[in-house]
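>>> Attaching a predicted model along with its sequence, questions to come.
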Amino acid sequence: MTQRAAPSAVSAATAVPRRLSIAVVAPACRLQPEAAEKVGKLAADMFGDRAPDLRFHPQCFLSDGHFAGSDAARTAAFVEAASDPGVDAVWFARGGYGSCRLEEGVYDRLGPHAQDKLYLGY
């Protein structure tokens, strides 16, 4: 009689950890593309293949006066990043007055995955 091997669980020590996915939005001031490139390079240099997957939302690079896009664009980017089930954390690239200008009712627009996120930044 041939014995079948039981399915084995991969131990935490041998499992390849999933890279942390961080969405970057700019709810206030615009982020310079060069700054985004530097952050990505710094993360790669510091963490190698364990570096987080930094996803800079295109809204970060918009310009509307000194803000990173209109209030509506900044609000939409935040809601999209916060509600994305494939994102572990949301990082606010820049702080400032524009953050408090996000549209009224922004929290009512967040999806259920927004509760499971880490929020970083200013």
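Ah, there it is. Numbers count the residues shown, from 1 in each chain.
>>> the bottom helix or strand of the chain by mean pLDDT?
Across the helices and strands of the chain, mean confidence by mean pLDDT, DSSP states H and E is lowest for strand 118-121: a mean of 92.
>>> What strands flank it, and is each parallel or antiparallel?
When sheet partners are counted by DSSP bridges, strand 118-121 sits next to strand 89-92 (parallel).
>>> List the buried residues of the least confident helix or strand of the chain.
residue 121 (16 or more other CB atoms under 10 Å). Where C-beta positions appear, they are placed from N, C-alpha and C, glycine not excepted.
>>> hmm, who's touching stretch 46-56?
17, 19-24, 31, 36, 39-40, 43-44, 81, 87, 91, 93 (CB atoms under 8 Å, 6 or more residues apart in numbering).
>>> measure residue 99 to residue 45 for me?
Going from residue 99 to residue 45 by CB to CB, to the nearest Å gives 29 Å.
>>> so where does residue 22 fall, helix or strand?
strand 21-25 (DSSP states H and E).
>>> do residue 72 as well
Going by DSSP H and E, residue 72 is part of helix 71-83.
>>> if we can go back for a sec, neighbour count: residue 99 and residue 45, which is higher?
Using other CB atoms under 10 Å as the criterion, residue 99 and residue 45 rank with residue 99 on top: 18 against 9.
>>> For my notes, confirm that one occurs in a strand.
No - counting by DSSP: H, G, I helix; E, B strand; the rest coil, residue 99 is not found in a strand; it is helix.
>>> What residues sit buried inside the lengthiest helix in the chain?
Ordering each helix of the chain by length in residues (DSSP state H) puts helix 33-47 first. Residues 36, 39, 40, 43 are the ones in helix 33-47 that count as buried (16+ other CB under 10 Å).
>>> Equivalent analysis for stretch 68-87, please.
Quick answer for stretch 68-87 (16+ other CB under 10 Å): 68-71, 73-84, 87.
>>> And for stretch 92-106?
By 16+ other CB under 10 Å, the buried positions in stretch 92-106 come out as 92, 93, 94, 96, 98, 99, 102, 106.
>>> Tell me the predicted confidence for the most centrally placed residue in the chain.
The centre of the chain sits closest to residue 23, judged by CA atoms, centre = their mean, with a distance of 1.4 Å. pLDDT recorded at residue 23 is 98.
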